[in-house]
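> 3D, please:
(chains A, B and C)
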Amino acid sequence: MIDSYFVNNRSKCAKRKMDQEEREEEPEMKAKVFNTENLNKSNNSSCQATSSSKLSFLEMDRKVNLQWKQIISENLNLEYVQLFSETEADVLFQEAEKVIKYNADSKVFVYGKWHKVPRKQAAYGDMGLTYTFSGTTVVAQPWNNAPFLKHIGDLVSCLSGGHKFNFVLVNRYNDGNDHMGEHRDDEADLVPKSAIASVSVGQARDFIFRHRDARGSGAKRKIDPVKFELSHGSLLIMNHPTNVYWFHSLPVRKKVICPRINLTFRQMVVKK
DNA sequence: TACGGTCACCGGA
DNA sequence: ATCCGGTGACCGT
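Reported below is the predicted structural model:
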C-alpha cells in the first residue's frame, strides 16, 4: 500500500540530506548557469491553473518572484526553478499518492531482453494518446481521473512561455534503488522540437546529462557531464535541441530511502 | 598504513 | 530504456 512516507518521515529524510551536504564538496559545474527572474517571455500576465482546482494554490499567480536558472552548454538548454513551496509540494505529493494509479509491472525490451522497469509508471493525457518506447506502450488515462495533473500542466504551459502539453508521464521512484538509465526522449510519438517539462515532488534526486559525443570508449570528444539535483517542488524545462544531443539519467543512490514522484509533461503527436 | 566493504561511474551486451 | 561487471574512490577500522 502506498502511504505518505516522504511527508510523514520528513525529519528522517531531511537529516539524510544534511548528512550528504556536509560530506560533499560543491560539485563542479562546467555548464554555464545564469540566474534570471521571470525569464519566460516579456509580458507580465499571471500564470495559474486555467480551471478551478480543489488545490487552491494552483490558482495563485505563479509568475512573480520566480528565480529561474538557465543551464547552458553545447546544444544543452535547460531552465530550472523552484516552482512550489515545500508545503505546496507536500500537498502535491500526497495528492499524487492518493490519486495516481500506476500500471502493473511495466516492462521494456532492451538489448534483447525484457525487463521490469525499476520504478512505477503511469500516464495521463488527452483521450487516445499513447507513448511507445523500448517495446512498450503506455496508454494515457483520462485527465478527469487526476485533474490536478491537468492543472499543473496548464500552469507549467503558461510559465514556459506557451509550450503546449497534452500528456504527462508519471514515474515513481520508491527509494534510491529505483532509477532510470541513460536515454534521450527521442520517440516518434513526441512532436518534433517540443519542450519537455519535468515537475518533481518528494525525495530530491541527482539528475545527470551526458553529451552523445562524449560517451563510449571511442568517444569523439571530451565534454563534461552536467549534474544537479531535482528538488521537492522543482520544475525543469528541457528545451530543443537538448534531447537531440544529450542523454539523461536518474542514477541509483544507495543512501536514499524516500520516494520521489516525477511528472514529465509532453506534447504527443495526435494520431489520425 | 593496509585492507575490506560499499558505492559511483562507465562501457558492453 | 535494461542489467552486469570492472575499475577506482572513499570510508571506517
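> where exactly do the helices run in the stretch 1-150 of chain A?
Ranges of helices within the stretch 1-150 of chain A are A:5-8, A:10-23, A:86-99, A:147-159, based on DSSP state H, counting those that start in this stretch.
> for the last one, packing partners?
Contacts of helix A:147-159 with other secondary structure elements, assessed using 3 or more CB pairs under 8 Å, 6 or more residues apart in numbering; DSSP states H and E, are made with helix A:86-99, strand A:167-173, strand A:196-202, strand A:260-266. Bear in mind the C-beta positions are built from the backbone N, C-alpha and C, glycine included.
> can I get the ones you listed in CSV with distance to A:K254?
Shown next, in CSV, are the helices and strands packed on helix A:147-159 (distance: least, CB to CB, whole Å):
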stretch, distance to A:K254
helix A:86-99, 22
strand A:167-173, 13
strand A:196-202, 18
strand A:260-266, 15
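> Figure out which of these is closest to A:V108.
strand A:167-173 (12.6 Å; CB to CB).
> Which secondary structure elements does the closest one sit against?
Counting by 3+ CB pairs under 8 Å, 6+ apart, strand A:167-173 packs on strand A:120-125, helix A:147-159, strand A:260-266.
> Find out how far it is from the centre of the chain, if you would.
Chain-centre distance of strand A:167-173: 8 Å, with CA atoms, centre = their mean, to the nearest Å.
> is that strand up against DNA strand B anywhere?
No. Judged by CB under 7 Å from any atom of the strand, strand A:167-173 stays clear of DNA strand B, getting no closer than 13.7 Å.
> List the strands paired with that strand, with their directions.
strand A:120-125 (antiparallel), strand A:260-266 (antiparallel) (DSSP bridges).
> Which one of those lies nearest to A:E95?
strand A:260-266 (10.0 Å).
> what angle do that closest one and strand A:196-202 make?
160 degrees (axes from the mean of the first three to the mean of the last three CA atoms, to 10 degrees).
> Report whether strand A:260-266 contacts DNA strand C.
No. Counting by CB under 7 Å from any atom of the strand, DNA strand C is not contacted by strand A:260-266; separation bottoms out at 8.8 Å.
> is DNA strand B contacted by that strand?
No. Residues of strand A:260-266 are not located near DNA strand B by CB under 7 Å from any atom of the strand, the shortest gap being 14.8 Å.
> thinking A:R266 is in contact with A:H163, fair?
No. Using CB atoms under 8 Å, A:R266 makes no contact with A:H163, being 9.7 Å away.
> intersection of neighbour lists for these two?
Listed as contacting both A:R266 and A:H163 by CB atoms under 8 Å, 6 or more residues apart in numbering are A:S194.
> more neighbours, those two?
A:R266 (26 against 20; other CB atoms under 10 Å).
> can you confirm A:V244 is in a helix?
Yes. According to DSSP: H, G, I helix; E, B strand; the rest coil, the state of A:V244 is that of a helix.
> end-to-end on stretch A:140-152?
Stretch A:140-152 has an end-to-end distance of 16 Å (CA to CA, to the nearest Å).
> swap in stretch A:98-118?
End-to-end for stretch A:98-118, by CA to CA: 21 Å.
> Kindly report the same for stretch A:132-145.
End-to-end for stretch A:132-145, by CA to CA: 21 Å.
> buried ones in it?
Buried residues in stretch A:132-145, counting neighbours by 16 or more other CB atoms under 10 Å, are found at A:F133, A:V138, A:A140, A:Q141, A:W143.
> Specify which member of the residues you listed is nearest to A:S52.
Out of the buried residues of stretch A:132-145, the member with the shortest distance to A:S52 (by CB to CB) is A:W143, at 14.1 Å.
> residues contacting the closest one?
Contacts of A:W143 by CB under 8 Å, 6+ apart are A:Y124, A:G125, A:D126, A:L149, A:K150.
> Show me which of those residues are buried.
Buried among the contacts of A:W143 (16+ other CB under 10 Å): A:Y124, A:G125, A:L149, A:K150.
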